[in-house]
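# sequence first, then the predicted structure:
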Amino acid sequence: MMLLQAPHYAQQSMIDPAGTKAGAIDGFWHFLITTSTIVTAIVFIVLFIALARRRRAADPESPAEQRSLTNWVTASVGVTLVIIVVFLFMDFRLGRAIAIPPQRTPLRVNVIGHQWWWEFQYPDSAVPGNWITTANELHIPVGRPVILRMSSQDVIHSFWVPNLSGKKDLIPGHNTETWIEADSAGIYRGQCAEFCGLQHAKMALMVIAEPERQFEQWVLGARGAALAPTDSTSKAGQQVFLTGGCSVCHAIGGTNAGGTVGPNLTHFGSRLTIAAASLPNTKGNLGGWIVDPQRIKPGALMPPNALEPDQLNALLAYLEGLK
Ligand code: CUA
């Protein structure tokens, strides 16, 4: 709730790094863009000088002029080669430097790509099976590396949170790994960066980086079962959820709903967004999504739901109460 009141939303940008890894990539990017800008400027200056001189030259075909040209071209090719080799060397060096996370106790999270949403699992090393399963919002502690073990349920996706890290593909049948780290608390938007079908653009995520203590509190809450509904409307909403089609695809901890096709909704009410960060998590947006998801995200697996108004209201009260 604290986060909802005072979120620091960082603008999604790779040149506004919020962690050591992204900082290293940003540094290299600046080196590339500065060098390229200087080279481009020099090329244009030399081009204009050459054009002006050629007009003034008495005999451009003379052996002396030809020798001079040959020297210029040879020198330019040499300088270009040196620059490319330096780029290559620095690229390899950066790749090695960011391949392995810093030697601090990392957090481990499984990331599973789906068309078109993200599943996050936080294994519990002490109690096997006591996993947190959530969707589209990745909570991480500030200042600690997070190792992401990634796989895909369907096609190739790519995990990209520009403020925290470069891209890494999620490949069906093959686990990949990357790591991220945030140095300051905030909410960082990420985006699937590999075309994965019709709703690729609406496959976003939020990384919520919190101070360690706040993160531990989130973990405690997230490990628990969903809050049982207390008022009659929410209780009716739970019945709509459990007896309608919802529980075939969605799970809610502490109830009979155990579907694994769609996102786990155990603590759905505390999420900031719905439909993979497509829309803010408000009652109005959620109502529109439940009734006709195809209007918001055509091709998504969720079917339309023709609910009576009082059924829909009850269901919305129940879902928004799942903190
Ligand atoms: Cu998933 Cu693009």
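Alright, I've got the coordinates. Numbering: from 1, shown residues only.
# could you find the closest non-adjacent residue to Leu316?
Leaving aside its sequence neighbours, Leu316 sits nearest to Lys283 (Cβ to Cβ, 6 or more residues apart in numbering; 5.2 Å). From N, CA and C alone the C-beta is placed, and that goes for glycine too.
# pretty sure that neighbour sits against Gly321.
No - judged on Cβ atoms under 8 Å, Lys283 makes no contact with Gly321 at a distance of 11.0 Å.
# on that earlier part again, look up how far Tyr318 lies from the residue nearest to Leu316.
11 Å (Cβ to Cβ, to the nearest Å).
# okay, these two: which has more neighbours?
Tyr318 (26 against 12; other Cβ atoms under 10 Å).
# output stretch 266-286 as PDB, nothing but the C-alphas.
What follows is stretch 266-286, C-alpha atoms only, in PDB (Å, rounded to 0.1, in the frame of the first residue of the first chain):
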ATOM      1  CA  THR A 266      -3.600 -14.800  -4.700                       C
ATOM      2  CA  HIS A 267      -2.700 -11.200  -3.900                       C
ATOM      3  CA  PHE A 268      -4.100  -9.600  -7.000                       C
ATOM      4  CA  GLY A 269      -5.600  -6.600  -5.200                       C
ATOM      5  CA  SER A 270      -2.100  -5.300  -4.300                       C
ATOM      6  CA  ARG A 271      -0.900  -5.300  -7.900                       C
ATOM      7  CA  LEU A 272      -0.500  -1.900  -9.600                       C
ATOM      8  CA  THR A 273      -1.500  -3.000 -13.100                       C
ATOM      9  CA  ILE A 274      -3.600  -5.600 -14.900                       C
ATOM     10  CA  ALA A 275      -3.100  -7.500 -18.200                       C
ATOM     11  CA  ALA A 276       0.700  -7.400 -18.100                       C
ATOM     12  CA  ALA A 277       1.000  -3.700 -17.200                       C
ATOM     13  CA  SER A 278      -1.400  -2.800 -19.900                       C
ATOM     14  CA  LEU A 279      -3.700  -0.800 -17.600                       C
ATOM     15  CA  PRO A 280      -3.700   0.500 -14.000                       C
ATOM     16  CA  ASN A 281      -5.400  -1.900 -11.600                       C
ATOM     17  CA  THR A 282      -8.700  -0.100 -11.000                       C
ATOM     18  CA  LYS A 283     -12.200  -1.500 -10.600                       C
ATOM     19  CA  GLY A 284     -13.300   0.100 -13.900                       C
ATOM     20  CA  ASN A 285     -10.400  -1.300 -15.900                       C
ATOM     21  CA  LEU A 286     -10.700  -4.700 -14.300                       C
END
